[in-house]
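Novice: the following block contains a protein sequence and its predicted model.
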Amino acid sequence: MAPSGSRSIKKGCRRVLYWIPVLFIALIVAWSYYAYVLQLCIESIEHTGEKVIYLLVYHVVFIMFVWAYWQTIFTRPMNPLKEFHLSYSDKELLEREDRGESQQEIFRRIARDLPIYTRTNSGAIRFCDRCQLLKPDRCHHCSVCNKCILKMDHHCPWVNNCVGFSNYKFFMLFLAYSLLYCLFITATDLPYFIKFWLAGGRAHFRLREYLNSLPDTQAKFHILFLFFSASMFSVSLASLLTYHCWLVSKNRSTLEAVRAPVFRHGTDKSGFSLGFSKNFRQVFGDEVKYWPIPVFSGLGDGCSFPTCLVNLDPEQPSSSSTGSNPVNKSAADGRQSKPLTESQSRLLTSTPSWPEIDSATDRKGASNQVMTIEHEA
């Protein structure tokens with residue numbers, strides 16, 4: 001009882017510690033609200049029209065920023081479907097096999113009916129010992145959450161959550177709105193920041209105000225610190241948002257950017273890239289009205305992804321290069337496979353309503369006709 005009780009206490013302490021970065025961000029945001037709304041807009045700005053405009057724009061950006069941050073934190077990461085978990089009989093069979101090759105034969109038999117196209121560096125089926133499942137493409141085990149996460153990007157301590165298929169759009173909007181929040185504060189605070197430093201060119205009066213603890217000293221401190229903190233956060237957020245925009249354009253996760261996915265034909269860092277517009281719509285969806293809103297609108301189910309492969313996987317069911325129906329082909333082979341989801345079919349066949357930026361990639365994929373379409377798990 002004592003060891004188990006000790007483990008539960010340690011686990012509880014770790015959970016509390018994981019929330020410290022989130023609490024820090026929440027305190028910074030709460031202070032920035034007080035400093036901007038009360039100290040800058042209400043106490044320092046004298047022009048009523050300017051005050052009203054600043055407050056209206058600020059609260060719109062603030063609400064969208066907090067909404068996106070909330071969604072990123074409290075949206076649970078999606079886990080693989082039950083089809084990817086080993087059955088009780090498969091687990092018993094696996095326990096009786098000692099050799100790795102025999103175990104791989106079991107994995108290959110199970111994976112034959114699943115949309116799994118990625119492999120380990122040695123070419124083996126990706127299997128999670130802890131979760132006892134075959135990993136879907138782009139799925140990874142998070143050591144912090146102790147779960148396999150679909151399309152895992154990274155575990156972010158600032159949101160105390162895994163960023164993956166279910167909340168990656170929210171994470172992108174969180175970065176965008178937090179950057180907009182900091183830039184707006186920096187731009188509107190700058191005139192009063194300059195006014196504080198210049199003070200009519202009389203530096204000794206500023207010192208006298210501080211020494212005498214005049215009533216406006218508190219407002220000036222908040223204006224000064226608000227400008228510095230918003231400026232510094234803007235630089236870091238801009239670099240992080242730029243990097244993740246590049247990842248979206250290439251249809252890669254942070255883990256895939258560090259280590260490219262491995263297919264049967266070898267490593268292919270652009271294996272999941274379908275061109276800029278389709279890559280973007282895979283995360284943000286088809287409907288433009290939902291792009292700026294922190295609600296889920298992405299395409300797919302998180303377990304299978306369209307891929308542009310140089311060589312097809314002979315062990316997996318695939319579509320014909322002439323565009324025949326993959327469901328009919330699977331039925332002819334005696335296998336039962338599920339049809340494409342509506343979002344996956346739309347992602348592969350629909351014509352983008354806005355220009356392709358990565359047109360060279362799309363032209364190459366269209367001319368070679370080597371698109372492999374995974375089936376819904």
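Specialist: Cool, got the structure.
Novice: pLDDT value on Ile194, please?
Specialist: What the model reports for Ile194 is a pLDDT of 81.
Novice: element containing it, please.
Specialist: Take DSSP states H and E as the rule and Ile194 turns out to sit in helix 168-198.
Novice: elements contacting the helix or strand that contains Arg281?
Specialist: Secondary structure assigned from DSSP H and E places Arg281 in helix 276-284. Counting contacts by 3 or more Cβ pairs under 8 Å, 6 or more residues apart in numbering; DSSP states H and E, helix 276-284 is packed against helix 168-198, helix 217-250, helix 342-349. No exception for glycine: its C-beta is placed from N, CA and C like everyone else's.
Novice: could you identify which of those helices is most buried?
Specialist: Greatest average neighbour count among the helices and strands packed on helix 276-284 goes to helix 168-198 (a mean of 19), per mean count of other Cβ atoms under 10 Å.
Novice: and that one with helix 276-284, angle?
Specialist: The directions of helix 168-198 and helix 276-284 differ by 90 degrees, with axes from the mean of the first three to the mean of the last three Cα atoms, to 10 degrees as the criterion.
Novice: helix 168-198 relative to helix 217-250, how many degrees between them?
Specialist: Note on geometry: by the same axes, to 10 degrees, helix 168-198 and helix 217-250 are set 150 degrees apart in direction.
Novice: which helices and strands does helix 168-198 pack with?
Specialist: Taking 3+ Cβ pairs under 8 Å, 6+ apart as the contact definition, the neighbouring helices and strands of helix 168-198 are helix 48-74, helix 217-250, helix 276-284.
Novice: quick one: low-confidence parts of this structure?
Specialist: Within the chain, the set of residues satisfying pLDDT under 70 comprises 1-5, 197-217, 309-377.
Novice: what residue lies at the spatial centre of it?
Specialist: Nearest to the mean C-alpha position of the chain, counting by Cα atoms, centre = their mean, stands Tyr168 at 2.5 Å.
Novice: can you tell me how far that residue is from Ile73?
Specialist: According to Cβ to Cβ, to the nearest Å, Tyr168 and Ile73 sit 14 Å apart.
Novice: anything in contact with each of the two?
Specialist: Common contacts of Tyr168 and Ile73, defined by Cβ atoms under 8 Å, 6 or more residues apart in numbering, are absent altogether.
Novice: got the contact list for Asn160?
Specialist: Residues touching Asn160, when contacts are defined by Cβ under 8 Å, 6+ apart, comprise 18-19, 21-22, 73.
Novice: Ile9 falls within a helix, correct?
Specialist: Yes. Assessed with DSSP: H, G, I helix; E, B strand; the rest coil, Ile9 lies in a helix.
Novice: was I right about Ser273 contacting Val248?
Specialist: No. Judged on Cβ atoms under 8 Å, Ser273 makes no contact with Val248 at a distance of 10.6 Å.
Novice: common neighbours of the two, please.
Specialist: Taking Cβ under 8 Å, 6+ apart as the contact rule, Ser273 and Val248 both touch Asn279.
Novice: with adjacent residues omitted, what lies nearest to Phe184?
Specialist: Closest residue in space to Phe184, ignoring its immediate chain neighbours: Val61 at 5.7 Å, by Cβ to Cβ, 6 or more residues apart in numbering.
Novice: swap that for Ser297, please
Specialist: Closest residue to Ser297 apart from its sequence neighbours, by Cβ to Cβ, 6+ apart: Gly285 at 3.2 Å.
Novice: next up, phi/psi of that neighbour, please.
Specialist: As for Gly285, its main-chain torsions (degrees, to the nearest 10) stand at phi 90, psi 180.
Novice: give me the neighbour count for it.
Specialist: Number of residues near Gly285 (other Cβ atoms under 10 Å) recorded here: 19.
Novice: could you do Ile106 as well?
Specialist: A count of nearby residues for Ile106, using other Cβ under 10 Å, gives 17.
Novice: which ones are touching Phe184?
Specialist: Applying Cβ under 8 Å, 6+ apart, we find Phe184 in contact with 57-58, 61.
Novice: do you know how far it is from Leu56?
Specialist: The spacing between Phe184 and Leu56, counted by Cβ to Cβ, is 12 Å.
Novice: same question for Arg126.
Specialist: When distances are taken as Cβ to Cβ, Arg126 and Leu56 turn out to be 51 Å apart.
Novice: who has more neighbours out of those two?
Specialist: Using other Cβ under 10 Å as the criterion, Arg126 and Leu56 rank with Arg126 on top: 21 against 10.
Novice: ok so, going back, I figured the residue nearest to the centre of the chain hits Gln282, correct?
Specialist: No. Shown here, Tyr168 and Gln282 do not form a contact pair, counting by Cβ under 8 Å, at 9.9 Å.
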